[in-house]
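K.L.:
what's the 3D shape of this:
(one chain, ligands or ions: 1)
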Amino acid sequence: MLSDSAARDRTIAEARLRFLTNAEPPATIVPEGIRNSWQRSKYLGVGTDEVAAPYQPDYDRESRLVRAATPVLDRLGQALTGSNVCVIVTDRKGWVRGRRVGEKRLSAYLDQVRLAPGFSYAEQFVGTNGIGVALEERRPNVVLGTEHFNERLQSVSCAAAPIRNPVTGRVEGVMNLTCWNGPARPLMSALVQEAADDIERALYEFSSSHQRALLEAFQQVTHYGDRPVLCLGQDLVLANSAAAARLTGDDHRLLHEAAAETGHAPRTRKPVRLARGETVLMRCRVIESPAGAAGYLLELAFDDPHRTPGRPGTRFREEPAASRPWPLPGLAGTDRAWNAASRAVSRCARERTALLLHGESGTGKCALVRAAHALTGAVSAPVTVDAADFRDAGAGLPAALRAAATGPGRAVILRNVDAVAPEHEFTVARALDAAGEAGTWVVGTVHRIQDVPETLRHRFAEASAVPALRHRLADLPALVDCLLRRISPTLECAPEVLPLLRRHDWAGNVRQLHTALSQAAADRKTHRIEPRDLPPSLHSAASRSLSAWEEAERDTLVEALLEVDGNKLLAARRLGISRTTVYRKMRAYGITLPPRG
Ligand SMILES: Nc1ncnc2c1ncn2[C@@H]1O[C@H](COP(=O)(O)OP(=O)(O)OP(=O)(O)O)[C@@H](O)[C@H]1O
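P.N.:
Next comes the predicted model:
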């Protein structure tokens, strides 16, 4: 007769097979965290029989995380000698940075499945596993034998817990414990959490005296009362919930600038205009640490502490600015405003709350909806109905909305809500209501929220802003990585490309970035995109917007220069103009070319 755990393993294995072969969501017998992870893994097309963990042998062996983790790993390694257990530490992207194994047979197996230093065990490469799930869900978890997405990992079970930076709360890595399938399961979680705690304590010791000084000042002020407080250090932002709910990344920058101007003037209350036009009164104090000035502590007073900024009279709830990343499958970025949007969209998808997403074209509004909807175990992808397609035949729009399949597990996106003709607002609103009542998740997208007519605005219980790419340029490397992988898995960028991308204003946002990289990839001669492969517009940084004619002139000049390897004299001859004109136009259009290779 089968033991309880063997019977459970068999049930889970059968559920996994059914999930992999059918289009249905995994059976509810599978624990929720594992179900979500299976869905993400399937959505990302992760393999089930080959472990495709990528390898990067060069990494910083002196990083703060490695230094904090090494004594803990050494101690556990000694204690576990001879046992069938292994302890592993990864960084925040899942790259294995340290491993200690109790016995040789397990060590050989882990090498075979690439669970070894230098390899990444992120979920996007390996599918459901303790490390990957801890990083995606940012909480401790256990993955038992057959719950692994990849069958080659099913001989082992693992428990993992995120390691957080005790000052910022950011996940710095994962502590993982792996052993052959067996009865030790309940002990694994306790041991792994204790080890993660030890590493966090060591990280705290390492954190600079600046950070400690800021944290102490912040805690003192926020201990009493709940007025908005913000602490700004060089690479650290601390906000209590009253401040986080009202401030965006752009506001932090504006407040930082104002604080730098005010300096040490604790009695002064300075008015500061925030990104959305609202004014806040700021009292600023410089925080000193033994190593010098650590940053600013800002106490803020809003005009009306309860009103949602910039939304007089609406019933929208703005999502609190979220500092923690909220990764969604296939999408990249950890900017604060992007995190807040991802979090809001995911919550609305789960709760099926009608949502209005606003932001410039190409920022990722529809992509967010698709990814969040997929994670809910949806039966089909969202149906997109573009109101702009019905500008001349507006009566067809309500009919198109009604024709979309409705019901639980389905979603409909009304794109360009502002393009609904006034005479059709009411029937469109009725169609959206009917879809919502049938259990469909209803989402609207628009560039500017103020352009949405009142009748339609009230169909959406919540609103969330998706930031423009130029306001989240810190996300460029991650976005480039993600988009390149979509174009071709072997494609990479030369390091000189990013600075060129960074100075562009990206009016077409992530969509434009994708197009630029696709164009560059189509013209390249190797698997590496070099600066010269980029479209001409990216070689210039004009200080004003150009007319169509000027753009054409700039592109012709850049193409001529690239063809002759940047030689201005030869380019001038080709174009039949003087070398002085070439120099003048290069200056006027802000053209810089990669150094000659
Ligand atoms: N964070 C991201 N990571 C990866 N790809 C992204 C991200 N954001 C957007 N994209 C990609 O950029 C492209 C444009 O995104 P999307 O169509 O969602 O924009 P949108 O804001 O809905 O635009 P529009 O307002 O014109 O409908 C898509 O290919 C999408 O996958």
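K.L.:
send the alpha carbons of the lowest-mean-pLDDT helix or strand in the chain over as CSV?
P.N.:
Using mean pLDDT, DSSP states H and E, the weakest-scoring helix or strand in the chain turns out to be helix 209-223, at a mean of 79. What follows is helix 209-223, C-alpha atoms only, in CSV (Å, rounded to 0.1, in the frame of the first residue of the first chain):
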residue,chain,number,x,y,z
SER,A,209,26.6,54.0,9.0
HIS,A,210,24.7,56.3,6.7
GLN,A,211,21.9,53.9,6.3
ARG,A,212,21.7,53.2,10.0
ALA,A,213,21.6,56.9,10.8
LEU,A,214,18.8,57.4,8.4
LEU,A,215,16.8,54.4,9.7
GLU,A,216,17.2,55.5,13.3
ALA,A,217,16.1,59.1,12.4
PHE,A,218,13.1,57.8,10.4
GLN,A,219,12.0,55.4,13.1
GLN,A,220,12.2,58.2,15.8
VAL,A,221,10.0,60.5,13.7
THR,A,222,7.5,57.9,12.5
HIS,A,223,7.1,56.3,15.9
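K.L.:
which parts of that helix are buried?
P.N.:
Going by neighbour count (16 or more other Cβ atoms under 10 Å), the buried part of helix 209-223 is 210, 211, 212, 213, 214, 215, 217, 218, 221, 222. Where you see a C-beta, it was placed from the backbone N, CA and C, and this is true even at glycine.
K.L.:
for those, which one is nearest residue 429?
P.N.:
Of all those, residue 222 has the smallest distance to residue 429: 43.3 Å, by Cβ to Cβ.
K.L.:
which non-adjacent residue is nearest that closest one?
P.N.:
Among residues not flanking residue 222 along the chain, residue 240 sits closest, at 4.7 Å (Cβ to Cβ, 6 or more residues apart in numbering).
K.L.:
give me the number of neighbouring residues for the one you found.
P.N.:
Neighbourhood size, residue 240 [other Cβ atoms under 10 Å]: 18.
K.L.:
what about stretch 85-95, average pLDDT?
P.N.:
Computed over stretch 85-95, the mean pLDDT rounds to 95.
K.L.:
just use 340 as the starting number from now, easier for me
P.N.:
Right, with 340 as the first residue, what we last looked at is stretch 424-434.
K.L.:
in it, what counts as buried?
P.N.:
Within stretch 424-434, the residues that count as buried by 16+ other Cβ under 10 Å are 424, 425, 426, 427, 428, 429, 430, 431, 433, 434.
K.L.:
only alpha carbons, please: show the helix or strand encompassing residue 852 as CSV.
P.N.:
If you go by DSSP states H and E, residue 852 is part of helix 848-862. C-alpha atoms of helix 848-862 as CSV (Å, rounded to 0.1, in the frame of the first residue of the first chain):
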residue,chain,number,x,y,z
ASN,A,848,7.9,54.4,-25.0
VAL,A,849,8.6,50.6,-24.8
ARG,A,850,7.0,49.9,-28.1
GLN,A,851,9.4,52.3,-29.8
LEU,A,852,12.3,50.7,-27.9
HIS,A,853,11.2,47.3,-29.2
THR,A,854,11.0,48.6,-32.8
ALA,A,855,14.4,50.2,-32.5
LEU,A,856,16.0,47.0,-31.2
SER,A,857,14.2,44.8,-33.8
GLN,A,858,15.5,47.1,-36.6
ALA,A,859,19.0,47.0,-35.2
ALA,A,860,18.8,43.2,-34.9
ALA,A,861,17.6,42.9,-38.5
ASP,A,862,20.7,44.7,-39.8
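K.L.:
go ahead and confirm residue 589 touches residue 810.
P.N.:
Yes: the criterion here is Cβ atoms under 8 Å, and residue 589 meets it with residue 810 at 6.2 Å.
K.L.:
give me the more crowded residue out of those two.
P.N.:
With neighbours defined as other Cβ under 10 Å, residue 589 and residue 810 compare such that residue 810 has more, 21 against 16.
K.L.:
now do the more buried one, the pLDDT please.
P.N.:
Residue 810 carries a pLDDT value of 87.
K.L.:
please name the residues that touch it.
P.N.:
For residue 810, the contacting residues are 588, 589, 674, 676, by Cβ atoms under 8 Å, 6 or more residues apart in numbering.
K.L.:
what sits against the second one?
P.N.:
Listed by Cβ under 8 Å, 6+ apart, the contact set of residue 589 reads 613, 614, 676, 810.
K.L.:
burial count for the nearest residue to the first one once chain neighbours are set aside?
P.N.:
In space, residue 613 comes closest to residue 590 once its chain neighbours are excluded; the distance is 4.7 Å by Cβ to Cβ, 6+ apart. Counted with other Cβ under 10 Å, the burial measure for residue 590 works out to 25 neighbours.
K.L.:
what does residue 746 give?
P.N.:
By the measure other Cβ under 10 Å, the count of residues near residue 746 is 11.
K.L.:
please apply the same query to residue 407.
P.N.:
22.
K.L.:
got a pLDDT number for the residue of the stretch 640-789 of the chain found nearest the ligand?
P.N.:
When scored by Cβ to the nearest ligand atom, the stretch 640-789 of the chain has residue 703 as its residue closest to the ligand, at 2.5 Å. Here, the pLDDT recorded for residue 703 equals 97.
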